[in-house]
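J.: Sequence and predicted model, in that order:
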Amino acid sequence: MPHPDALVWDDRYSNDLRWREVRPPRSLLTTHQSLLPRNGLALDAACGTTPTGLHLARQGWQVIALDVSNTALRLAQSQVQKEALTVSFAQMDLANPWLPTNQFDVILNFYYLSRPLLSTYRQSMKRGGLLFFETFVRDEFIQSTTDGNPEHYLEPHELKNEFEDWHIIHYEETQRISRATERRNRSRRIARLVARKPE
Ligand SMILES: C[S@@+](CC[C@H](N)C(=O)[O-])C[C@H]1O[C@@H](n2cnc3c(N)ncnc32)[C@H](O)[C@@H]1O
């Protein structure tokens, strides 16, 4: 029996062109590119079509990309093949994560929230590794969407508080116009964090 999240996301990646297109990497990473070492091992969690993981793979990074949606992983793998790159993919339910300790030089978490992952990242990041995390913060908009589940949204300041003992390089909570909100002439609240695990 497929995971319920996989059913929802497989459907989006199969039937909605907006989810299938090749997207640019997330700007939170590209604007902090100078912080990155030349290469290393990166995790792209809930990678979707892995736009930001692909960006690192193009630069010679080793990338492990995880997602619950097999359809997203197939789309991502086809782009990887087109560009003759290498990315390791695995289908995984990140609501119940297990990751090895002290593994990653970079962790990417864009637009997905599973609270058990927060403590998992703390352990699986190498000392000195960089976390790039961006997703929605709870606001009044969620009441009016089909996904009003508070588990899927950060509380205000939650992300910063969770990593307060790391070196916080960038943190902001700001408004973002997304595709869904654009149609309704609205913006959404997001949090954006770049933090380094202490050496
Ligand atoms: C909004 S997309 C973000 C994709 C990508 N991180 C990006 O930057 O575009 C959310 C992703 O979370 C994945 N996802 C949803 N539930 C999941 C779960 N339980 N475990 C792993 N991935 C999940 C979806 O399949 C989808 O690819």
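T.: The structure has been received and is ready for your questions. Quantities reported herein were computed from a predicted structural model and do not represent experimental measurements.

J.: Contacts only, for A6.
T.: Residues in contact with A6 (CB atoms under 8 Å, 6 or more residues apart in numbering) are 68-70, 91. The way it works is simple: take the backbone N, C-alpha and C, and place the C-beta from them, glycine included.

J.: Which of those residues are buried? Put it as a PyMOL command.
T.: Of those, the buried ones go into a single PyMOL selection, burial set by 16 or more other CB atoms under 10 Å:
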select buried, resi 68+69+70
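
J.: Is Y171 in a helix, a strand, or coil?
T.: strand (DSSP: H, G, I helix; E, B strand; the rest coil).

J.: That one reaches I190, doesn't it?
T.: No - if you go by CB atoms under 8 Å, Y171 and I190 don't touch, sitting 11.6 Å apart.

J.: Mind checking which of these two has more residues around it?
T.: Neighbours were tallied for Y171 and for I190 using other CB atoms under 10 Å; the higher tally belongs to I190 (19 against 16).

J.: Let me know the pLDDT of the more buried one.
T.: I190 carries a pLDDT value of 95.

J.: Next up, identify which helix or strand it is on.
T.: strand 188-196 (DSSP states H and E).

J.: Quickly run through the sheet partners of that strand, with directions.
T.: Counting by DSSP bridges, the strands paired with strand 188-196 are strand 125-136 (antiparallel), strand 167-176 (antiparallel).

J.: hey, which of those strands is tucked in deepest?
T.: strand 125-136 (a mean of 20; mean count of other CB atoms under 10 Å).

J.: Which residues of this structure lie near the ligand?
T.: Within the chain, the positions near the ligand by CB under 6 Å from any ligand atom are 5, 9, 26, 46-48, 51-52, 67-69, 72, 93-95, 110-112.

J.: hmm, try it at 5 Å
T.: With CB under 5 Å from any ligand atom as the criterion, the chain meets the ligand at residues 5, 9, 46, 48, 67-69, 72, 93-95, 110-112.

J.: Closest one to V137 out of these, please.
T.: The shortest approach to V137 among the residues of the chain next to the ligand belongs to Y111, at 12.0 Å (CB to CB).

J.: Please report the distance of the closest residue in space to that closest one that isn't next to it in sequence from T86.
T.: Spatial nearest neighbour of Y111, chain neighbours left out: T135 (5.1 Å); criterion: CB to CB, 6 or more residues apart in numbering. From T135 across to T86, the span is 27 Å (CB to CB, to the nearest Å).

J.: One more: T49?
T.: Here T49 is placed at a distance of 16 Å from T86 (CB to CB).

J.: These two: which is more packed in?
T.: Per other CB under 10 Å, whichever of T49 and T86 has more neighbours is T49, with 25 against 12.

J.: Report pLDDT for that one.
T.: 97.
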